[in-house]
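**Q** Coordinates for the following, if possible.
(2 chains)
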Amino acid sequence: MAETTFLDSTELVLNMGPQHPSTHGVLRVILKLDGEKVNGTECVIGYLHRGVEKIGENRTYQQFAPYVDRMDYVAAVSNGLGYCLAVEKLLNVEAPPRAQVARVILTELNRIASHLLWLGTHALDIGAITPVFYCFREREEVLKIFENYCGARLTTHAFRIGGLLYELYDGFEQEVKTFCDMFIPKVDEYEELLTNNRIWVNRLKGVGLLSAEECKEYGVTGPVLRAAGVKWDLRKAQPYSGYEQYDFEIPTRTNGDTYDRYMVRMEEMRQSIRIIRQAVDKIPTGPIMGKVGKVVKPPVGEAYVSIEAPKGELGYFIVSDNSTQPYRVRVRPPSFVNLQALDRMVRGGLVADVVAIIGTLDIVLGEVDR
Amino acid sequence: MADEQKPEGPVPSAPEGQGTPPAAPPKPAAAAHAPPKPPPEMAATAWEGDLPNQIRERFGDQVSACSTYLGQNFVAVKADAAVPLIEFLKLEADFDYLVDVTAVDYPKRAERFDLFYLLYSFARNERLRVKTMIADGAKPATAVSVHAGANWLEREVFDMFGIQFEGHPDMRRILMPEEWEGFPLRKDYGILKQDDRWVRENLGIESGQ
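**A** Below you'll find the predicted structure:
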C-alpha cells in the first residue's frame, strides 16, 4: 500500500441513516465520499421487513387485504385497490360501476394526499420549512374524507374484494367538491412559494438526472419516468376501474432532473382533481358489491395486475391453488424498484444533493421493505 | 402446466375430501369410496400470434408452452433458455422493461421452484411472463446483463428462496440480515419460524417474543 499523507484525497465512508430525518424512514445509505463528491453508494434496507408476502400465504384472501395498506402507508387506498383488482382478476369478477367510480375518487384523493406528503417533506429536506405546514393542512382535509367514509385516516382498508363494504356517506359528493374547489388555488399557492424560488430552483435543477433509457433499464416508473419524457401512465396505457372514461392529461417533462419531477407531481395533483370532478358528477346508482361469495376461492391459476400508484407501478402477482388462501402473493413495489436507481442518480454529485434525490424518488420504506 | 402437482398449503386450511392428502398418488382402496380428484391445474389456453411463433421458431423445443390465462400471456421455457429469451424479447420484440422477478415454491415437485420474469413493452403496450422451473440448488443465469434492474429483484429472490443466480454481481441478502439462516418464503419455513440464534445474539431476546 502506498503511503498517504493528509494532503492526499482518501475515500471517506459516511453512514447516513437509518435514523436520519431526510431518509424518510429507516433507509441506510453508505456513502463513499471524496470530499464533497459522492463516488458511490450502497443502500442497506430491510429494517421494516415484516414478511408481508409470507403473511399473505397464511391468511385468507379477505384477511390479507388490511395488510397491504401497511406497505405504502401514505397511499393505503392505492395499495388496497391494486390488491382487490388482482383478486378480482383471478375470480374473474368486476366491481359494479358505482363501486368503481367511488374507488377512482378515493384513489385520486389518496394520490393527492401522498403527493402532498412528498411535497412537504421534500421541501423540508431542502430547507423550506413553510410548505410542510400548508401541505399537511390540505392533506388533513383528504384524511377527513377518508375518516368520514371508513373510519380510518391512514390505513383505510377502504375497498373489499368485489367492490366496497360501505356505502358513500351523505354529503360525500359535496365534501369532495368543496375540497376540489378549495384545493386548486392551494396548488398555485405552493407553486408561488417554490416554482420560481431561486434557492429551490438552484437546489433542484440538473440534480439527480435520470434519462428515459436509464429509467427503463432500472424499471423506474411513475413521476420519475414521466419527468424523463416518457408519456406512460398505467391509467391511460392499461386502464382499470374505468379510468378510460375520464378526460385527463399525463404530465411529462423532458430533463429528467429533480426539478422536473417536482413539476410533474404538481401537475399530477391538478389532473387528479380533474378526474375527481368528473367522477363525482356521475356517480351511478346501483349495488356497491359484485358477486363475490363469503368464501373467496379463486380457481387454480396466476395473475399479475398492476395499477398506477402515486409512486409508480404497483403490481400484485398472485398464484392461487383453489384454496381460501393465496398460494403466493408477490408485491411489485414501486419504491423498492425506484430506489435501486439511487446509486446512478447520486454518483458523481455532491453529498448535499443526496438528500434532494432521496426526497425526489418519493420512497416509503414500509413498501421498500414490506 | 400439465405435469404440475398441487402442493399442500403450509397450513391445512382447506379440508380435502376424506382426509386423503391431495398430492399423494391415488390408492386403489381409497379410490373405491372417494373418486380421486384430478390434480387441479391452471386452465390456460394456447397463445396464438406472431410473437409466440417467433419464439418457438427461435428457441424450438426449449419452449414448452406459449399460453394465455385470463388474457395474460406467458411462455414456459427451460431454465437455460430463460435469459436468452429475455434478451431476444428485449432486442427483437421491444420488451424493454423488466417489471419483476419472483419465484414460487412447490416443495413436492422435483424441480422445486417456478421462476417468473415479468416483462412489459412500452412500444407494444403488452405484458409477458417468462416462466421456468428450477431444482433446489440449481443456479439459473442472472438477467442483470440484460436488464440492470434485475439486480435487486434477483437478490430478493435469493434472500427469500435461496436461489443463487450465476454471474450476479452482488449475490447477497437484501431484506433479511446478512447472517440469517433459512429462506423465509420457502413453504417449509413456517410463519412463526425464525433464526433463534441470530435473534438471541443480535437482539438479546431469548424467545424472540
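
**Q** For chain B, give me its nearest residue in the stretch 1-150 of chain A.
**A** Closest approach between the stretch 1-150 of chain A and chain B, counting by C-beta to the nearest C-beta: A:Gly46, at 3.9 Å. For glycine as for every other residue, the C-beta is placed from the backbone atoms N, C-alpha and C.

**Q** Confirm that residue sits in a strand?
**A** No. Counting by DSSP: H, G, I helix; E, B strand; the rest coil, A:Gly46 is not found in a strand; it is coil.

**Q** What pLDDT is listed against it?
**A** Per-residue pLDDT puts A:Gly46 at 87.

**Q** check contacts around it.
**A** Contacts for A:Gly46 (C-beta atoms under 8 Å, 6 or more residues apart in numbering or on different chains) come out as A:Asp369, B:Arg173, B:Ile174, B:Leu175, B:Met176, B:Pro177.

**Q** same question, A:Thr285
**A** Contacts of A:Thr285 by C-beta under 8 Å, 6+ apart are A:Arg98.

**Q** how does it look with 10 Å?
**A** A:Pro97, A:Arg98 (C-beta atoms under 10 Å, 6 or more residues apart in numbering or on different chains).

**Q** Secondary structure class of the residue nearest to A:Tyr61 when sequence neighbours are not counted, three-state.
**A** Nearest non-adjacent residue to A:Tyr61, counting by C-beta to C-beta, 6 or more residues apart in numbering or on different chains: A:Val296, 4.1 Å away. Secondary structure, three-state DSSP: A:Val296 is coil.

**Q** Buried residues of the helix or strand of chain A with the lowest mean pLDDT, list them for me.
**A** Least confident helix or strand, chain A: strand A:12-16 with a mean of 85, by mean pLDDT, DSSP states H and E. For strand A:12-16, a neighbour-count test (16 or more other C-beta atoms under 10 Å in any protein chain shown) marks A:Met16 as buried.

**Q** what lines up beside it in the sheet?
**A** Note on strand A:12-16: by DSSP bridges, its sheet partners are strand A:28-34 (antiparallel).

**Q** what's the offset of the partner strand from the middle of its chain?
**A** Distance of strand A:28-34 from the chain centroid (C-alpha atoms, centre = their mean, to the nearest Å) equals 26 Å.

**Q** Show me what from the stretch 1-150 of chain A comes close to chain B.
**A** Contact residues, the stretch 1-150 of chain A versus chain B (C-beta under 10 Å from any C-beta of the partner chain): A:42-51, A:53-55, A:57-60, A:89-92.

**Q** Now intersect those with the strands, please.
**A** By the criterion of DSSP state E, membership of the residues of the stretch 1-150 of chain A next to chain B in strands covers A:Glu42, A:Cys43, A:Val44.

**Q** hang on, B:Phe74 is in a strand, isn't it?
**A** Yes. Assessed by three-state DSSP, B:Phe74 belongs to a strand.

**Q** quick revisit: list buried residues within the residues of the stretch 1-150 of chain A next to chain B.
**A** Neighbour counting by 16+ other C-beta under 10 Å classes A:43, A:45-49, A:51, A:53-55, A:57-60, A:89-91 among the residues of the stretch 1-150 of chain A next to chain B as buried.

**Q** The residue nearest to A:Tyr61 is in contact with A:Val87, isn't it?
**A** Yes. With contact defined as C-beta atoms under 10 Å, A:Val296 reaches A:Val87; the gap is 6.7 Å.

**Q** Which one's more surrounded, the two?
**A** The neighbour comparison of A:Val296 against A:Val87 (other C-beta atoms under 10 Å in any protein chain shown) goes to A:Val87, with 26 against 21.

**Q** Assess the claim that the more buried one and A:Gly162 are in contact.
**A** Yes. Counting by C-beta under 10 Å, A:Val87 touches A:Gly162, with 8.4 Å between them.

**Q** what about A:Gln238, neighbour count?
**A** 17.

**Q** how far away is it from chain B?
**A** Separation of A:Gln238 from chain B (C-beta to the nearest C-beta, to the nearest Å): 7 Å.

**Q** What is the nearest of the ones in strands among the residues of the stretch 1-150 of chain A next to chain B to B:Ala148?
**A** In terms of C-beta to C-beta, no member of these lies closer to B:Ala148 than A:Cys43, at 14.9 Å.

**Q** pLDDT wise, what is the nearest residue to the closest one once chain neighbours are set aside at?
**A** What sits nearest to A:Cys43 in space, not counting adjacent residues and going by C-beta to C-beta, 6+ apart, is A:Val29, at 5.7 Å. In the predicted model, A:Val29 carries a pLDDT score of 89.

**Q** Just list the residues touching A:Val29, thanks.
**A** A:14-18, A:20, A:23, A:38, A:41-45, A:339, A:342-343, A:346, A:354, A:358.

**Q** Kindly recompute the last result at 7 Å.
**A** By C-beta atoms under 7 Å, 6 or more residues apart in numbering or on different chains, the contact set of A:Val29 is A:Met16, A:Gly17, A:Thr23, A:Thr41, A:Cys43, A:Val354.

**Q** And the strands in chain B?
**A** B:45-46, B:63-69, B:72-77, B:97-105, B:113-121, B:126-134.

**Q** Out of these, the one nearest A:Leu109 is which?
**A** Of all those, strand B:97-105 sits nearest to A:Leu109, with 26.8 Å by C-beta to C-beta.

**Q** quick one: the closest one to chain centroid distance?
**A** Counting by C-alpha atoms, centre = their mean, strand B:97-105 comes out at 8 Å from the chain centroid.

**Q** strands paired with that strand, and their directions?
**A** Strand pairing for strand B:97-105, determined by DSSP bridges: strand B:113-121 (antiparallel).

**Q** Off-centre distance for the strand it pairs with?
**A** With C-alpha atoms, centre = their mean, you get 8 Å for strand B:113-121.

**Q** And stretch B:169-179, by the same measure?
**A** Stretch B:169-179 has its C-alpha centroid displaced from the chain centroid by 19 Å (C-alpha atoms, centre = their mean).

**Q** do the same with stretch B:112-120
**A** On C-alpha atoms, centre = their mean, the centre of stretch B:112-120 falls 5 Å from the chain's centre.

**Q** A:Gln325: which element?
**A** Assigned by DSSP states H and E, A:Gln325 falls within no helix or strand.

**Q** Sorry, slip of the keys, the one I care about is A:Gly315.
**A** Element membership for A:Gly315 (DSSP H and E) is strand A:312-320.

**Q** Mind giving me the packing neighbours of that strand?
**A** Here strand A:312-320 touches helix A:76-91, strand A:301-309, strand A:328-332, helix A:334-339, strand B:97-105, going by 3 or more C-beta pairs under 7 Å, 6 or more residues apart in numbering or on different chains; DSSP states H and E.

**Q** Same list (these) but as CSV, adding mean pLDDT.
**A** Formatted as CSV, those follow (pLDDT from 0 to 100):
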stretch, mean pLDDT
helix A:76-91, 91
strand A:301-309, 91
strand A:328-332, 92
helix A:334-339, 91
strand B:97-105, 91
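
**Q** quick one: contacts for A:Gln19?
**A** Going by C-beta under 7 Å, 6+ apart, A:Gln19 touches no other residue.

**Q** which one's the longest helix in the chain?
**A** You didn't say which chain, so I picked chain A. The longest helix of chain A (DSSP state H) is helix A:97-126.

**Q** actually it's chain B I care about, not the one you picked
**A** helix B:79-93.

**Q** Quick check: which ranges of chain A have low pLDDT?
**A** Along chain A, the parts satisfying pLDDT under 70 run over A:1-9.

**Q** quick one: contacts of the strand holding A:Gly315?
**A** Against strand A:312-320 from outside (C-beta under 7 Å, 6+ apart): A:78-79, A:82-83, A:86-87, A:90, A:221-222, A:234, A:298-307, A:326-334, A:338, B:99-100, B:102, B:104, B:118.
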